[in-house]
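**Q** Have a look; sequence and predicted model below, questions after that.
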Amino acid sequence: MPYLYNTPEDQQAMLEAIGVESMDELFDPIPAELQLDRPLDLPPAMSEMELDKHLSTLAAKNRHAGQVVCFLGGGCYDHFVPAVVDAVASRSEFYTSYTPYQAEASQGNLQVVFEYQSMISRLSGMDVSNASLYDGASAAAEAVLMAITATRRHGKIVVAGSVHPEYRTTIATYLENLETDLVTVDTPGGVIDPDLLAAAIDDTTAAVVLQQPNFFGCLEDGHRVAQIAKDAGALLITAFDPISLGILARPGDYGTNIAVAEGHSLGTPMSYGGPFLGIMACDQNLVRRMPGRIAGHTVDRHGNPCYVLTMQTREQHIRREKATSNVCTNQGLFALRATVYLAQLGPQGLRETANLCLQKSLYAAEQLVAHDRFSLAFEAPTFKEFVIRDAENDVEGLLKTAQQNGILAGVPLGQWYPELADCFLVAVTEKRTKDEIDSLVSSLTNSSTPVHAPV
Amino acid sequence: MNPEQLLFAKTHEWIAVAEEDGTKIATLGLSAFAIEALTDLVYIDLPAVGRKVEAEQPFCEVESVKAVSDIYAPVEGEVIAVNDALPNALETLGDDPYDAGWIAKIKITDEAGLNNLLDHAAYQKQCNEEAH
Amino acid sequence: MRNTQDTQSIFELSKPGRRAARLPECDVPECSLRELLPAKMVADAPPALPELSEPAIVRHFVNLSTLNMSVDTHFYPLGSCTMKYNPKRNERAAAMPGFADLHPYQPEDTLQGMLQMLYEMQETLQEISGLDACSLQPAAGAHGELTALLVAAAYFRDIGEVRTKVLVPDNAHGTNPASAAMAGFESVTVKTTVDGFVDLSDLAAKLDDQVAVFMITNPSTLGLFEPNMRTVADEVHAHGGLIYLDGANMNAILGITRPGDWSPGKGGADMQHYNPHKTFSGPHGGGGPGAGPICVTKKLAPYLPVPVVVREARVARREALENDVKDNNSRPAPHDSQLFRYSLDFDQPKTIGRVRAFFGNVGVLLRAYAYIRTHGPDGLRRVSENAVLNANYLLSRVAHFLPVPQGRRCMHEFVASASQLKRDKNIAAMDIAKRLLDYGYHAPTVYFPLTVPEAMMIEPTESESKETLDAFTEVLFRITEEDADLLHDAPHTTAVSRPDEVRAARQPVLTYSAE
């Protein structure tokens, strides 16, 4: 066994010290009738070499973003991860440590969390951030629960149809066994219609949930939505795209009360959708309702500045069934990655990254709609994603053809929006080159031979 | 206020009842014994003015670093005032528990709960028992 | 060598105009922002992030890392957290681009290796737990608890029963009652006896037809196997309730006993979660990510979150055989991907929906998969045997000077109490914990479970040697002999000592500001 260090002699000596005859006797407290009388039905052990080969074979059966050109988005993006992020995150003092219960043995992690909170707060324009949650969707659901307790309104949550469908499903699941209803306001125009939104809200509404840019890539009128929510006494929850904030107005700027985000694009690879980084930041007056860990600055007994986990009375290990959430740990390693990523990019780097996404995605959209077959499904301005409508209503065929040309061209929308069955979502990150965009266009318009190997 | 003239709940709140314009008002705080036992308070979550409270039900909380304690309303009524200075001066609770450290005033709508309160001597006896 | 200079805040290292990243030139025709976006949607300036050079960033974070204790550098017997060795081969595997650089919405035919791994993981977890179905979606143990309770709620709703309560023993993790409340249940506490077991009479008193689920951690947070497990399961089932196993302590029972078998002939636990980051060696990451896959019985399977991974036999078997030639790693395996096609099944009409976006924390699951494949069935049993051996050995050496109130023997961990020392010498569990840091050991979990005064919960795990345990015992004993004043001020050798938590909580400073 590779990770056991006691020799048979050690084991014998230890059994004697304990005062038992055998390993089996150690398990006497488990009633014999409950013990498994056969080996587990699992494949036999592998050596490191065999394991490496086996996993390499499995990995080779997948086509990864280095082998194809990826225009897929919908909440997970092929952004660039600087080497510095990997180098820092592979320090095993970070990745093999745990939640900083003993502050003196965890100042590294605690300071990282504090710096993470500070950067997320500046990024989002919100007062405070927690130490992170599981992912963007569950962070949105946690924000909804937080809004319900903060407002003491249990009637309903109003969510825009332009919010990521999987985020909406997640919120619905969290609310399923509670008294609060989830009301979806349709967004046939690709963005929220203020009149429809206002009509859906009443004095039992705890919060309005907005995504910015929304699932279709379109920019919502955050100020307007915030005003509508505020007028009704409801909170505004905004799910934002961290990269977009290199350019776009920050959630705090337009009156968001709780900002959440999927933070993987800050230095964590796509990883088939997880593990990811749930970002949550909020107004100062809501901080005691916030779920999850929070690090704070203080001094030690010598007066030296240092960091601790703080406001722990919110949490499950103290408040149990009255806790703000059952969340136990944060996504420490990915909060670290995000912190390093934001430091590496700095304000100008983030702005340039966002600008590249914006410019390239608009170029891609222009090139596509130059062909009669394609049009933009929505008029609203977009950031790095846009929805293309296929006049010939053959999204499946189009995406398949592109795939044969080595391009993952987009995400079909019919699975979530039947009325958009003739549409697909295209995401263009800073990594995509003009050549790659041109080959996307040519493969979708069948006007040239493949430039990339088939997927 | 002199603690010997106050009433106490088993849950360690002190209560002073006064009559203003024909309605009875209960002023409430936490006993010195309770403050000492809670150690190093860090936060108080004051109720909203206007909140209806029920006898022997929690209506606000105080927190130390790693514990939360409910504060119970002794009687049924409505919160008509809270001590807004407390959250930024929690040491007042310990320094002057029976005057500046008051927490809330409740307009009593049902006096029944008052019958369950202890006088100072009886409360002292309870504290002595708890301390052992 | 540790850099003893003060570790400044990264914001203090910032200087306007300094840069690390250089982005490529824009290679498409560029328009001005003003033309592209409405003015009010654009920020006046980019966020006020720190401005540093790349070497400064690296030095800052690498120096911060040296302020942590970690499994790779120290013995870390943090009870209940299973701080075992995190194999490097698993890290290498998870970083393979063929796993790390996959988009969740890629077509399934470009994901067959990933889906095969996930399918096998579902099957493996079912086999280890003795349960029938699996969802890999939950992102952490507590998330698994919530998911399973929502599954239970959906099940009872579907069969037309109104059940509003979840029972939780008083020594359970706080996540149990918190999950119950989040899932819309009333959490009711069941007492445990002085021996640390479920108080059967209190359970009987609280069991009624309103009880949906009894959540039990077994082995318990005291490191004890519940001797009345079968009775507990039968009683709860007799009242129509479900048994939820909090799988936090699975490291003690791999291949030894299966929760699904705990009521022989009649089943056992109906649901459980795993903590792959504990039991199956995924690193803890300074607090995450983890994962919280759940397994359930057949009757609960229809309510699991979607999607689940399914497989079907490929029709063209000959094609598979031809491909086999290319796949020169073709050890005969029961799940040969050349014979099967793997896909995501969303077609579950009774599903609770989802508890997160995308599939799950597959990076953590992949490490767990690598760990399980490394061990095989015998190896997993050896893991639990040695975890229990190490814990019992440590218990036998420690109990002389640090009493263990519940039990002369234990499973994978035990809970010692410093209450005698506290009375005699005014040495508290926290003092011992802090002093251990001076000697180069991470502290055990202290003050949990709440049912044991001055609790010190010690879990050595199987990946520590007898020498480490002996040395730790000697230090622990030496500390109990030390002067109380010395301990009250401990630790003495760390970068900081006894942070002022009252100040941190009274006037929270949660973000950096220049003042």
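**A** Yep, that arrived.

**Q** Ignoring the adjacent residues along the chain, who's closest to whatever residue of the stretch 201-350 of chain A ends up closest to chain C?
**A** Nearest residue of the stretch 201-350 of chain A to chain C, counting by CB to the nearest CB: A:Gly273, 2.6 Å away. (Glycine included, C-beta is placed from N, CA and C.) Distances taken as CB to CB, 6 or more residues apart in numbering or on different chains put C:Phe358 closest to A:Gly273, at 2.6 Å, once the chain neighbours are dropped.

**Q** returning to that earlier point: OK, contacts around the residue of the stretch 201-350 of chain A closest to chain C?
**A** Taking CB atoms under 8 Å, 6 or more residues apart in numbering or on different chains, we find A:Gly273 in contact with A:76, C:103-104, C:357-360, C:362.

**Q** can we see that at 6 Å?
**A** The contact partners of A:Gly273, by CB atoms under 6 Å, 6 or more residues apart in numbering or on different chains, come to A:76, C:104, C:358-359.

**Q** rewinding a little: run through the residues that contact the residue nearest to A:Gly273.
**A** So C:Phe358 contacts A:273-274, C:104 (CB under 6 Å, 6+ apart).

**Q** where does it fall, helix, sheet strand or coil?
**A** coil (DSSP: H, G, I helix; E, B strand; the rest coil).

**Q** Just want the phi and psi numbers for it.
**A** Dihedral pair for C:Phe358: phi 60, psi -160, per degrees, to the nearest 10.

**Q** cool, C:Ala43 as well?
**A** phi -70, psi 150.

**Q** Nearest spatial neighbour of it, chain-adjacent residues omitted?
**A** Take C:Ala43 and drop its neighbours on the chain: the residue closest to it by CB to CB, 6+ apart is A:Ala249, 5.1 Å away.

**Q** Check the burial of the one you found by counting its neighbours.
**A** 22 (other CB atoms under 10 Å in any protein chain shown).

**Q** now what about stretch C:379-393, what contacts it?
**A** Residues contacting stretch C:379-393 (CB under 6 Å, 6+ apart): A:1, A:4, A:14, A:17-18, A:23, A:26, A:45, C:251-256, C:409-413, C:460-462.

**Q** pretty sure B:Gly101 is touching B:Thr92, no?
**A** Yes - if you go by CB atoms under 6 Å, B:Gly101 and B:Thr92 touch, sitting 4.9 Å apart.

**Q** who's more crowded, those two?
**A** Between B:Gly101 and B:Thr92, B:Gly101 has the larger neighbour count (other CB under 10 Å), namely 22 against 17.

**Q** Return the residues in contact with that one.
**A** Contacts of B:Gly101 by CB under 6 Å, 6+ apart are B:29, B:92-93.

**Q** Per-residue pLDDT of the closest residue to C:Cys295 other than its chain neighbours, please?
**A** Distances taken as CB to CB, 6+ apart place C:Leu131 nearest to C:Cys295, at 3.8 Å, with adjacent residues excluded. Per-residue pLDDT puts C:Leu131 at 98.

**Q** mind listing the strands for chain B?
**A** B:7-8, B:13-20, B:23-30, B:41-45, B:52-53, B:58-64, B:67-72, B:76-82, B:104-110 (DSSP state E).

**Q** Looking at those strands, spot the one closest to chain C.
**A** strand B:41-45 (3.8 Å).

**Q** Give me the three-state assignment for the residue nearest to C:Cys295.
**A** C:Leu131 ends up coil, using three-state DSSP.

**Q** burial count for it?
**A** The number of residues near C:Leu131, taken as other CB under 10 Å, comes to 27.

**Q** Phi and psi next, for it.
**A** phi -120, psi 170.

**Q** next one: C:Ile243
**A** The phi/psi pair for C:Ile243 (degrees, to the nearest 10) is phi -100, psi 130.

**Q** quick one: it and A:Thr313, what's the gap?
**A** Distance of C:Ile243 to A:Thr313, computed by CB to CB, to the nearest Å: 31 Å.

**Q** Please apply the same query to A:Leu36.
**A** 42 Å.

**Q** go on, A:Ser439?
**A** Distance from A:Ser439 to A:Thr313, by CB to CB: 56 Å.

**Q** between the two, which one's more packed in?
**A** Neighbour tally, A:Ser439 and A:Thr313, criterion other CB under 10 Å: the higher count belongs to A:Thr313, 25 against 21.

**Q** Show the contacting residues for the more buried one.
**A** B:63, B:68 are the contacts of A:Thr313 under CB under 6 Å, 6+ apart.

**Q** Helix, strand or coil: sort out it for me.
**A** A:Thr313 ends up helix, using three-state DSSP.

**Q** which residues sit in contact with A:Gly278?
**A** A:Gly278 is in contact with A:132-136, A:138-139, counting by CB under 6 Å, 6+ apart.

**Q** can you pull up the bridge partners for it?
**A** Assessed by DSSP bridges, A:Gly278 has beta-bridge partners A:Leu133, A:Glu262.

**Q** mind putting the strands of chain B in TSV, mean pLDDT, mean neighbour count and distance to A:Thr170 included?
**A** Output for the strands of chain B, formatted as TSV (pLDDT from 0 to 100; neighbours: other CB atoms under 10 Å in any protein chain shown; distance: least, CB to CB, whole Å):
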stretch	mean pLDDT	mean neighbour count	distance to A:Thr170
strand B:7-8	94	22	48
strand B:13-20	92	17	42
strand B:23-30	94	21	41
strand B:41-45	92	19	29
strand B:52-53	94	19	35
strand B:58-64	92	20	30
strand B:67-72	92	18	29
strand B:76-82	95	18	37
strand B:104-110	94	19	39
